[in-house]
Every structure is written in structure tokens, then in C-alpha cells.
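>>> Here is the input, now give the coordinates:
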Amino acid sequence: MYQMRRPKYFTPTEVSLHTTLDDLWVSYLGRVYDLTPLVNEYKGDVLLKPIIESAGKDISHWFDPKKKDVLTHIDPLTGCLKYYTPRGRFVHIPPPCPRTDWANDFGKPWWRDGRYEVGMLSAKTRWIRIINTLTSEEQKLEVCSEETLDEILQRYLRYNSHAGSYTWKHNHMPLDMSKTLVENGIFDEDEDFYQCRMDRDLFTESICLYFNDDLTEF
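From the prediction side, this is the model:
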């Protein structure tokens, strides 16, 4: 049996599900990070508080998108350039004043450490309906606009482990599974629906699955 692969792209909704100390994710600057190992390493440290409070959320506003570093500002008391952390100092941020008890031998700060990265955050998600013409079952999925149909198939496997045994079609035309929805001519019209004050849920694009008479399992 083909095993489900970890998705390359994640939706904000998927990130928001990881909010416990044993499973803590955040996103920032278009990437998704699993900070669970960091939380375990610094367990009980008060400097984890801002990170724990932001579990499952996007924290891009903590960072300078050009420098890929935490925002800085001029401290009004010292006149020195320092990290700007309005939610409170967090792990790997140096103390405001020199201290002998601060360990700075951690190597890269966590926000620059690629070990925590698990994927990319979708810039735009959309909903589609997948209709199994053999069983008449319909499943509505939130997918990433950057994903190919093959990657969307991976999402659908939890509902149908034989998804690879079907031909995927839109408007009776077979789809190229190596291309995205837009590349297959299935355009995202959410903005148009918004401008026209139309309910997008009533016009969700559908993909029909036609059985190929085999039992390939993914």
C-alpha cells in the first residue's frame, strides 16, 4: 500500500491544529515550523511563553521579511539597537542588559534553524468538491493553490485509498495530475464572488472521479 506523504504545502487551518506542548507549530514568512523539539529542550523556561501563546498561528509580524530576522528598534533608554519583542522576550533573544548567566552557546537561533521547517504555508487556499461517480459520494476539501493534482490526491486518500484507480476529470476533460488546478483551467474565482457579493460555497468547482476498473491502492 502506498503511504500518504507529508504535504509540501500546508493551509493555515492545518497549522492551527498544532497547539499543544507536545505538538506545537507556527508559521512565519511563508514557511511552517514544528517547534515541538524547541519546547521540549527549554521545557519550563519562562522565555517559551510568547511562543506557546502563539501556537498554531502565523507570527510573521515578529520578523523583518528582508533580513529574515526578528524586528529591531532603538531602545529609548540605552539608545542601542535591540530586538523588538512587544509580546515579551523569548527563547534565544538576548537579555536587555549584559548578564553572565545567559547561555549564548545554542548556535543558530531557532528562527534561522532549518531543522524545524516542515513545509511551506499556502499563500492562497481554496475549496473544491471531489465527486466519486462510482459511489456518488462527495467530499469537500480545502487545498493549497500551489498544489498539483497529485498532491491534492494525497489529501483525498484519507477518504478513498483507491483514489489512484480513478481518472480525474473536470467538465468531462481528463486532468493533468502533474499540474495545479489553475494550470488545468480550474480558476479560483473567490475574488469575483466577493466583488459580486455571491456565496462562493454555492459555486465550488467540482472534480469528478471515474473508476478505471482496477484496485490500485495509494
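>>> if I look at the residue lying closest to residue 45 once chain neighbours are set aside, how far off is residue 102?
Using C-beta to C-beta, 6 or more residues apart in numbering and skipping residues adjacent in sequence, the residue nearest residue 45 is residue 91, 6.7 Å away. All C-beta atoms are positioned from the backbone trio N, CA, C, and that covers glycine. Going from residue 91 to residue 102 by C-beta to C-beta, to the nearest Å gives 11 Å.
>>> Looking at those two, which one has more neighbours?
residue 91 (20 against 10; other C-beta atoms under 10 Å).
>>> Assumed that one was part of a strand.
No. Secondary structure of residue 91 (DSSP: H, G, I helix; E, B strand; the rest coil): coil, not part of a strand.
>>> That one touches residue 51, doesn't it?
Yes. Using C-beta atoms under 8 Å, residue 91 is in contact with residue 51, at 6.7 Å.
>>> who touches the residue nearest to residue 45 in this structure?
By C-beta atoms under 8 Å, 6 or more residues apart in numbering, the contact list for residue 91 reads 38, 42, 45, 47-48, 51, 110.
>>> right, and the pair among the residues you listed with maximum separation?
Taking C-beta to C-beta, the two most distant members of the contacts of residue 91 are 45 and 110; they sit 12.4 Å apart.
>>> Tell me which of those two has more neighbours.
It is residue 110, of residue 45 and residue 110, that has more neighbours when counted by other C-beta under 10 Å, with 19 against 12.
>>> picking up where we left off before, check the gap between the residue nearest to residue 45 and residue 47 for me.
As judged by C-beta to C-beta, residue 91 and residue 47 stand 5 Å apart.
>>> again with residue 97
Counting by C-beta to C-beta, the gap from residue 97 to residue 47 is 16 Å.
>>> More neighbours: those two, which one.
Neighbours of residue 97 and residue 47, each counted by other C-beta under 10 Å, are more numerous for residue 47; the result is 14 against 9.
>>> doesn't residue 93 make contact with residue 104?
No. With contact defined as C-beta under 8 Å, residue 104 does not reach residue 93; the gap is 10.7 Å.
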